[in-house]
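Colleague: this one's sequence-less:
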C-alpha cells in the first residue's frame, strides 16, 4: 500500500522509531538491514534447520494478517478472517490456537 508522502514524514511522530523504520526512507533502516542476505540477521537465521513464523489474525491494527503472514497477494486486512481458513489448509501451516479461527 502506497503511503502518502505527508504521512511518511509523520510516521516517526505517530509511532516513533518503528514508524520511521517502516517507511524505509533510508538504506540504513532496520527493516532494510534485516532483509539483506549479507547482514547478520539473515546469517543468524541460517543457523536454524527449521524456522517458524507467527502472525496475529486479530489485535494488531498496524500490521494486517496477510502482511504479518508474508502473503503478498493479501490486501490491507479486509477479509483476512475468511482467508485465514484457506491459509490453515496449506501443508506445513499449523495454528497455535484453532479456537481463535472460530472466535471462541
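Modeller: Done, it's in. Please read these numbers as outputs of a predicted model, since none were measured by experiment.
Colleague: Excluding chain neighbours, give the residue nearest to residue 8 in space.
Modeller: Of all residues beyond its chain neighbours, the one nearest residue 8 is residue 23 (4.8 Å), with distances taken as Cβ to Cβ, 6 or more residues apart in numbering. C-beta here means a position set from N, CA and C on the backbone, and glycine is covered the same way.
Colleague: What degree of burial does the one you found show, as a neighbour count?
Modeller: Per other Cβ atoms under 10 Å, the neighbour tally for residue 23 reads 18.
Colleague: which residues touch the spatially most central residue of the chain?
Modeller: Most central in the chain under Cα atoms, centre = their mean is residue 68, positioned 2.5 Å from the mean C-alpha point. Residue 68 makes contacts with 54-56, 60, as judged by Cβ atoms under 8 Å, 6 or more residues apart in numbering.
Colleague: let's go with 7 Å and repeat that
Modeller: 55-56, 60 (Cβ atoms under 7 Å, 6 or more residues apart in numbering).
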